[in-house]
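>>> how would this look folded up:
(one chain, ligands or ions: 1)
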Amino acid sequence: MKHFDVVSIFPEMFKAITQFGITRRALEMGLYDLSTWNPRDFSDSPSRAVDGRPYGGGPGMVMSVEPLTRAIEAAVSRQEKLGVRKSKRIYLTPQGQRLDQNMVKHLSQQEGIIFLSGRYEGVDERVIESSIDCEISIGDYVLSGGELPAMVVIDTLVRRIPGAIHQGKSVESESFENGLLDYPQYTRPEIFGPYTIPEVLLSGNHKEINRWRKKQSLGKTWLEKPELIEKITLDVEESDLLEEFKNEIGVKYPHGV
Ligand code: 4FN
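Okay, here's the model as predicted:
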């Protein structure tokens, strides 16, 4: 059982994961739980304000240290009551370390995680100093809030909980868990205008099919995301398949090089 808590002024956004798909079923199966904490409920002001004007001036508003600290403390208490000894407190922010599947694997060893999602211009720096263990970013673009990033991280973690994905397949055997992109996939109909199905997939020769798929995975990854090939070590068979792919398409360098 994994325990997730999220501090956000828009807790209803998290219905996007609790009410749909794999993340909904895993919740219903009791594989994880998710509680949200709205800093507005911890505000001292009658108007439930959770923000203030930035010291030093400038545009926008900054999320205040007190309501955020109290909301995080409430999340910590819940996890302690559930017997979670040490839960990681993560702030989703453009300043954070970029999320990748290696970080996902590392985070999935954690029994409990508390996420802080920012709004406005972000949070008072003292929240980070006093109440945050690590900062994570999902990528370099402007967003309106840290809620979608928190949901992205939760989605990556829930899919890795044993039992969350059926089909009898383990996540480790799934594509991308080997660090490579997916091979091309096809389903009926066999004829769609001029677009045909690669002959090998109709052959019924499963040894050849697996070989073709592995070659496509390696080739497409090298072509479109060569930085992912750098991260892994290819065995002799894989190196040979990749060379075969390059020769077949007659390209010596990845796209963009
Ligand atoms: N974003 C950039 C530079 C300066 C500001 C932003 C930005 C939401 C609270 C943070 C964005 C992207 C990935 C959280 C972006 C993420 C956020 C994330 C995020 C409101 C303040 C803000 C140079 C990256 C374009 C808004 C760059 N992963 N500020 O988006 O929370 O986790």
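>>> interface residues of the stretch 101-250 of the chain facing the ligand?
With Cβ under 6 Å from any ligand atom as the criterion, the stretch 101-250 of the chain comes near the ligand at residues 118-122, 137-143, 145-146, 149. The C-beta positions use only the backbone N, C-alpha and C, and glycine is treated the same way.
>>> Swap in 8 Å and give it another go.
Selection of the stretch 101-250 of the chain residues close to the ligand by Cβ under 8 Å from any ligand atom yields 117-123, 136-146, 149-150.
>>> Show me which of the residues you listed are buried.
117-120, 122-123, 136-138, 145-146, 149-150 (16 or more other Cβ atoms under 10 Å).
>>> What segments of the stretch 51-200 of the chain are helices?
65-81, 101-107, 125-131, 147-158 (DSSP state H, counting those that start in this stretch).
>>> sorry, back to before: okay, and which of the residues of the stretch 101-250 of the chain next to the ligand map to strands?
Among those, the residues falling in strands (DSSP state E) are 117, 136-137.
>>> Closest one of those to the ligand?
Taking Cβ to the nearest ligand atom as the measure, the ligand lies nearest S137 of those, at 4.0 Å.
>>> ok, that closest one - contacts?
Neighbouring residues of S137 by Cβ atoms under 8 Å, 6 or more residues apart in numbering: 92-99, 149.
>>> cool, and G146?
Contacts of G146 (Cβ under 8 Å, 6+ apart): 8, 91-93, 115-119.
>>> rerun at 7 Å
For G146, the contact set (Cβ atoms under 7 Å, 6 or more residues apart in numbering) comprises 92-93, 117-118.
>>> again with I197
186, 190.
>>> Same question for P198.
So P198 contacts W212 (Cβ under 7 Å, 6+ apart).
>>> Could you report the separation of it from E248?
P198 sits 12 Å away from E248 when distances are taken as Cβ to Cβ, to the nearest Å.
>>> on that earlier part again, please tabulate the buried ones among the residues of the stretch 101-250 of the chain next to the ligand in TSV, including the columns distance to L68 and pLDDT.
TSV is the format used below for those (distance: Cβ to Cβ, whole Å; pLDDT from 0 to 100):
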residue	distance to L68	pLDDT
S117	10	99
G118	9	99
R119	11	98
Y120	12	98
G122	11	98
V123	6	99
I136	17	99
S137	19	99
I138	20	99
G145	14	99
G146	12	99
P149	17	99
A150	14	99
